[in-house]
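Participant: this one's sequence-less:
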């Protein structure tokens, strides 16, 4: 465990100021949420084991916000180290991102996914309860809707999954339902993401996966910048307009604002509850739609080939966002063109990601 970059970030008692612990806060989504929280003058503590992120993110967060969150290099499965963070800070809420997240990879190394995602979460929830930090925003996924629900996906649908990764999210949601039943003082928001893409408009932060990207947009961007030769499109024979998979893409900045809205609802709640919310655009785009939009934004030709379907993938899904709009007062503001523009801006300025 390392000491934080700030000496302390305990709650100062200022009206409206909260101290938020963000697990996995150095990652793609987590870092953008940290920026959003800091811009709202909240105090932020990051816990991350850096297994799929880069410590340079801290300096980028500082350049954007003028502030540096406290940072601890801690693995969630290290209960003693995690407890020391809670002991040191007066934490008001936790946003839990930390997890392995590649659908395809999870089918190849399922034990690693179950061990990391579920065990790490159990340790976190145990420590939270010990220190009576019972406000939680959980980073879930649209994969919890499985393959048999009608489109668009609504929060009341039954849950299932087609991959070990997705099953870890279903299991953790079930665990949290049981935790709430046992102790209704918990106040929990389950945020089911669809497909986050884009980057911070400054070009200072974006998606920077280790090795070969598992997600579509960073792969397209790396092809555009010349880092990769060709994009492999998994499946061209789905029952969709152009045969490629259709997904609900959401700008990561819009996704970050959804977390702020979820936190506001938790803090304002008269009574604790556990609620799920879809965070998506509410409409779908095919893989080739995204390719064409990126070509338009970048002025680059994206060479692609159709390859066999990837295990665990389904043909099409997108969100019903009615509940988030009504209860969180949240909706997306960025278009697919905006997502492609900001991704290209990030990739041009950082051709090798945070190693640039």
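Facilitator: Received it, and whenever you're ready, just let me know what you need. None of the values given here were measured: they were computed from a predicted structure. Numbering: from 1, shown residues only.
Participant: in a strand, residue 80, correct?
Facilitator: No. Residue 80 sits outside any strand when classified using DSSP: H, G, I helix; E, B strand; the rest coil, being helix.
Participant: against residue 331, how distant is it?
Facilitator: Residue 80 is 42 Å from residue 331, where distance means Cβ to Cβ, to the nearest Å. To be clear about C-beta, it is placed using only N, CA and C from the backbone, and glycine gets the same treatment.
Participant: give me the more crowded residue out of those two.
Facilitator: Between residue 80 and residue 331, counted using other Cβ atoms under 10 Å, the more crowded position is residue 331 (15 against 9).
Participant: please, which helix or strand holds the residue lying closest to that one once chain neighbours are set aside?
Facilitator: With sequence-adjacent residues excluded and distances taken as Cβ to Cβ, 6 or more residues apart in numbering, residue 331 is closest to residue 325, at 5.2 Å. Here residue 325 sits within helix 322-327, counting by DSSP states H and E.
Participant: quick one: list the elements packing against the next helix or strand after that helix.
Facilitator: Next in sequence after helix 322-327, counting helices and strands by DSSP H and E, comes helix 336-349. Applying 3 or more Cβ pairs under 8 Å, 6 or more residues apart in numbering; DSSP states H and E, we find helix 336-349 packed against helix 216-224, strand 249-251, helix 287-298.
Participant: what residues does helix 336-349 touch?
Facilitator: Helix 336-349 is contacted from outside by 197-201, 203-207, 217-218, 220-222, 224-225, 249, 251, 253, 285, 289-290, 293-294, 296-298, 334, 356, using Cβ atoms under 8 Å, 6 or more residues apart in numbering.
Participant: what about burial for the residues you listed, which qualify?
Facilitator: The neighbour count (16 or more other Cβ atoms under 10 Å) marks 197-201, 203-207, 217-218, 220-222, 224-225, 249, 251, 253, 285, 289-290, 293-294, 297-298, 334 as buried among the contacts of helix 336-349.
Participant: same list (the helices and strands packed on helix 336-349) but as JSON lines, adding mean pLDDT and distance to residue 27.
Facilitator: Listed next are the helices and strands packed on helix 336-349 as JSON lines, based on pLDDT from 0 to 100; distance: least, Cβ to Cβ, whole Å:
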{"stretch": "helix 216-224", "mean pLDDT": "94", "distance to residue 27": "13"}
{"stretch": "strand 249-251", "mean pLDDT": "98", "distance to residue 27": "16"}
{"stretch": "helix 287-298", "mean pLDDT": "97", "distance to residue 27": "21"}
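Participant: I'd like these as CSV, with distance to residue 37 appended.
Facilitator: Below are the helices and strands packed on helix 336-349 laid out as CSV (distance: least, Cβ to Cβ, whole Å):
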stretch, distance to residue 37
helix 216-224, 24
strand 249-251, 17
helix 287-298, 28
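Participant: so which of those gets nearest residue 44?
Facilitator: With Cβ to Cβ, the closest approach to residue 44 among the helices and strands packed on helix 336-349 belongs to strand 249-251: 20.9 Å.
Participant: and the next element down the chain from the closest one?
Facilitator: Strand 249-251 is succeeded, C-terminally, by helix 252-268 (DSSP H and E).
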